[in-house]
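In: need a 3D model of the following:
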Amino acid sequence: KRTSMGKDRGKGVRNSTLDATSLPTGFIGFGSTSNSTQNESEDLNPELQLVFKSLSKRDPITKLKALQELSSIFSNLEDETQRKLTLRSYGKSFSRLWEESDRRVRENSCKTLVTMVNSLQVKKELAPHIKAIYPSLVALLFDNAPEVATAARVALDVVMAPPKQTEAAVFCKVEIIRSIQDKLTETIQTLGGKSSEGGETQEKFDRIISSQISSLAYLLAMLPIPETEKSKDEIVTFFDKGNTSLWNFFSMKSNAIVRKSSYHLVTVLVQQFPEFVENNLEKFLGIVSGMLADTATETHVDVWEALLSFFKKFPKAWEISNPKKTFFPKLWEFFRNAGYGSAVTTFPVFLPLLSLLPAADPAVYEEFLGNMWKGIQHENVDGPAALSAALTAYRECVLFVASRLNFQVENYESFLKNCLMKSFLDVFTVDFSAKKKVLRNFNPTKQVTVAMAEILAKISSTPEERLNPTWKNFWNEMTKSLESLDSKINPESTEDWIVALMLVVSSYPSAQSKIFLERFIPVGKFLFSWALNNSTKENSLKLPEVTGSLLCTRNEFDRHPLPVR
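Out: Below you'll find the model as predicted:
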C-alpha cells in the first residue's frame with residue numbers, strides 16, 4: 001500500500017518486538033543528547049525522514065499532511081529503535097510547532113501527540129521525552145484559539161494522568177522557566193515571525209507572550225508548599241534580574257490577552273509567593289491600581305480576581321499612598337462607566353471590594369454608592385442580566401454601609417441625605433429606559449423602581465429607636481424635595497414603587513411593618529394627596545388606592561390628617 005508521502009508504509013519497521021525491560025527508567029534532561037543519538041534523524045527510516053523534513057517546511061498545508069502521515073506511521077510502527085527515535089524527533093518538532101501561526105497546525109500537533117502516546121504499549125517509552133514536550137504543551141493550554149487549548153488539555157491528560165500533573169510540573173520546572181525566560185526576552189522582530197506579506201505578525205507575538213505568562217502562573221500555582229518554599233529565590237531572580245521586561249506587559253500598551261495573563265499572574269503570586277509581593281508592595285499596588293484603567297471587558301474577571309486577592313492579603317497597602325488620590329479616582333471612573341460593558345462580571349465584586357476598603361469613612365461610602373448609582377444609569381447596563389446584577393450589588397452595598405454606620409447617628413444621617421436621597425428621588429423622575437436597549441419583556445424603569453422600594457423598606461424598618469429622629473428628618477427632606485419636583489414626578493414609576501413597597505412591607509412581621517409605616521407617614525401623605533390631584537382617565541384612582549392601602553389603616557389617617565392641596 002502506498003502512502004500519501006509516496007513510500008511503502010511499514011517497510012523494514014516490523015523487525016523487532018517491544019521489550020519493556022530494556023526501556024530507560026529515568027528521564028533525560030531537556031535538550032540532552034548522547035553520542036548514540038546526536039544523529040538520530042539520519043537513523044530514522046526514509047519514510048519518517050521525509051515526514052520530519054515536511055514538518056520543517058513553512059507551508060502550513062505541508063505540515064498538516066505531515067502530521068497526519070506521522071500519526072498513521074507511528075500507529076503501525078513496531079521497531080523499538082525507530083519508535084524511540086521518532087518520539088525524540090517529534091519532541092523537538094513539537095517545541096517549534098506550538099508557535100505556528102496557523103491554528104490548525106497547533107491543534108493537530110496536539111492530536112498527533114495523542115495518537116502517538118495512545119499507540120505506545122508501555123507509557124514508559126515516553127519518559128525520556130517529557131521535558132522536551134511538557135513546556136510547549138503547557139503553553140498550548142493557554143492558546144487563544146479554543147480548539148487548540150482543548151486539544152492541548154486532552155493531550156496533557158493523555159501524556160500525564162491528572163493526579164501526576166503536579167509531579168510533572170515540579171519535575172519540569174527548570175525547563176518550563178527556561179523556556180518562558182527565553183521567550184519573554186524576545187521582541188516582535190525575533191519572535192513574532194513574518195506574515196505572508198512580509199510584515200511582522202503582532203498576533204503571533206501576543207499569543208506566544210500571553211501563553212508564556214500563563215504558563216508561569218500555571219507552574220507557580222501547581223507547586224506544592226514544600227516546592228514553593230524551595231523556589232522563593234528562583235522567583236526573586238526571575239523577576240528582579242532575569243525578566244525586568246515582564247513588568248512592561250502590565251501596561252495598557254500591551255494587547256488585552258497579554259494583560260489578562262499578566263493580571264492572573266499577580267493573583268497567583270499573591271497566593272503562592274506573598275513574601276515576594278510584600279517586598280515589592282508599592283510596585284504591585286501601582287499594578288493593581290492601573291488595572292482599573294483597562295477598558296477591555298475580556299480582562300475584567302482577572303482584574304477583579306487580582307485586585308481582591310491583593311487587598312485581602314495586604315490591607316496595609318492602603319497605607320502606602322493616599323487612596324483618594326491614587327486609587328479611588330480610577331475606581332469611580334470604572335463605576336460610572338458600569339465596568340465599560342462588563343456589568344454582569346463587575347457589579348457582583350463591589351460588595352467584596354467594599355468590605356476591603358480602609359477603616360469606615362462615610363465620605364468614601366457616599367462616593368462609592370453614588371458612583372455605583374451613576375453606573376446603573378449608564379447605557380452599558382443594557383439588558384436584564386446586567387441590570388439585575390447591578391441592582392443586586394447596589395442593594396447589598398447599601399445594606400452593608402447602613403449596617404456599618406448604624407451606631408454612628410451623625411454619619412448615618414449624612415449617608416441617608418447625601419447618598420440615598422438622590423437615588424430615591426431618581427425613582428420618581430428618571431426614565432431608566434432612555435439609555436437602555438429596547439428588549440421584549442424588559443422594563444428597566446420598573447426593575448429599578450422595585451429594587452429601590454425593597455432597599456428602602458429594608459433599611460427604614462430597622463428597630464433602633466435612636467434612629468427615629470434621623471428617619472423623620474430624612475422623610476421630611478424627601479417630602480420637600482418631592483414637592484419641588486411636583487411636575488416631574490412620573491405616575492407610572494410612583495405606582496410601581498408604592499406597589500413594591502406594599503408587597504415588601506406586607507411580608508414583614510407586624511412590629512417591623514409598623515416601624516416602617518410610622519416613618520413613612522410624611523411621604524405617604526404627600527404621595528396620596530399628589531396622586532389624587534394627578535389622577536387621569538388612564539390611571540383612574542389606582543395610584544391613590546395603592547398609596548392609601550400602604551398607609552394601611554383608618555387610624556393612621558386619623559392621627560395624621562392629609563393635607564388639602
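In: low-confidence ranges, the stretch 401-550 of the chain, go.
Out: Low-confidence segments of the stretch 401-550 of the chain (pLDDT under 70): 434-441, 534-550.
In: run the last query once more with 90
Out: Where the stretch 401-550 of the chain drops to pLDDT under 90, the residues are 402-550.
In: quick one, helices of it?
Out: 409-415, 421-429, 444-459, 468-484, 491-506, 510-533, 542-551 (DSSP state H, counting those that start in this stretch).
In: make JSON lines out of the ones you listed and add mean neighbour count and distance to Met222.
Out: The C-beta positions use only the backbone N, C-alpha and C, and glycine is treated the same way. Output for the helices of the stretch 401-550 of the chain, formatted as JSON lines (neighbours: other C-beta atoms under 10 Å; distance: least, C-beta to C-beta, whole Å):
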{"stretch": "helix 409-415", "mean neighbour count": "18", "distance to Met222": "46"}
{"stretch": "helix 421-429", "mean neighbour count": "18", "distance to Met222": "46"}
{"stretch": "helix 444-459", "mean neighbour count": "21", "distance to Met222": "43"}
{"stretch": "helix 468-484", "mean neighbour count": "16", "distance to Met222": "54"}
{"stretch": "helix 491-506", "mean neighbour count": "20", "distance to Met222": "49"}
{"stretch": "helix 510-533", "mean neighbour count": "18", "distance to Met222": "52"}
{"stretch": "helix 542-551", "mean neighbour count": "19", "distance to Met222": "59"}
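In: reformat these as JSON lines; add distance to Ser210.
Out: Listed next are the helices of the stretch 401-550 of the chain as JSON lines, based on distance: least, C-beta to C-beta, whole Å:
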{"stretch": "helix 409-415", "distance to Ser210": "44"}
{"stretch": "helix 421-429", "distance to Ser210": "41"}
{"stretch": "helix 444-459", "distance to Ser210": "37"}
{"stretch": "helix 468-484", "distance to Ser210": "51"}
{"stretch": "helix 491-506", "distance to Ser210": "47"}
{"stretch": "helix 510-533", "distance to Ser210": "54"}
{"stretch": "helix 542-551", "distance to Ser210": "56"}
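In: tell me which of those lies nearest to Glu333.
Out: helix 421-429 (18.9 Å; C-beta to C-beta).
In: got the angle for the closest one vs helix 491-506?
Out: Inter-element angle recorded for helix 421-429 and helix 491-506: 120 degrees (by axes from the mean of the first three to the mean of the last three C-alpha atoms, to 10 degrees).
In: start and end of stretch 115-130, how far apart?
Out: Start-to-end span of stretch 115-130 (C-alpha to C-alpha, to the nearest Å) is 16 Å.
In: returning to what we had before: out of the helices of the stretch 401-550 of the chain, which is closest to Gln68?
Out: Taking C-beta to C-beta, helix 444-459 is the member of the helices of the stretch 401-550 of the chain nearest to Gln68, at 54.0 Å.
In: what helices or strands is that closest one leaning on?
Out: With contacts taken as 3 or more C-beta pairs under 8 Å, 6 or more residues apart in numbering; DSSP states H and E, helix 444-459 sits against helix 384-404, helix 421-429, helix 491-506.
In: repeat that for 6 Å
Out: helix 384-404, helix 491-506 (3 or more C-beta pairs under 6 Å, 6 or more residues apart in numbering; DSSP states H and E).
In: nearest to Val448, out of the ones you listed?
Out: Comparing the helices and strands packed on helix 444-459 by C-beta to C-beta, helix 384-404 comes nearest, at 6.6 Å.
In: so which bits of the closest one are buried?
Out: 386-391, 393-398, 400-402, 404 (16 or more other C-beta atoms under 10 Å).
In: min pLDDT across those residues, which one?
Out: Within these, Arg404 has the lowest pLDDT, namely 84.
In: measure it to Met421 for me?
Out: Computed as C-beta to C-beta, to the nearest Å, the Arg404 to Met421 distance reads 19 Å.
In: going by residue numbers, what spans are strands in this protein?
Out: For the chain, strands defined by DSSP state E do not occur.
In: helix or strand with the lowest mean pLDDT in it?
Out: helix 554-559 (a mean of 44; mean pLDDT, DSSP states H and E).
In: follow-up on the earlier one: of the helices of the stretch 401-550 of the chain, which is nearest Pro163?
Out: In terms of C-beta to C-beta, the element of these nearest to Pro163 is helix 444-459, at 46.9 Å.
In: restrict the closest one to CA atoms and write it as CSV.
Out: Provided in CSV are the C-alpha atoms of helix 444-459 (Å, rounded to 0.1, in the frame of the first residue of the first chain):
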residue,chain,number,x,y,z
PRO,A,444,-35.7,49.0,33.2
THR,A,445,-37.6,51.7,35.0
LYS,A,446,-39.9,49.2,36.7
GLN,A,447,-37.0,46.9,37.6
VAL,A,448,-35.1,49.8,39.2
THR,A,449,-38.2,51.1,41.0
VAL,A,450,-39.0,47.7,42.6
ALA,A,451,-35.4,47.2,43.7
MET,A,452,-35.2,50.6,45.3
ALA,A,453,-38.5,50.0,47.1
GLU,A,454,-37.1,46.8,48.6
ILE,A,455,-33.9,48.7,49.7
LEU,A,456,-35.9,51.5,51.3
ALA,A,457,-38.3,49.2,53.1
LYS,A,458,-35.4,47.1,54.4
ILE,A,459,-33.3,49.9,55.9
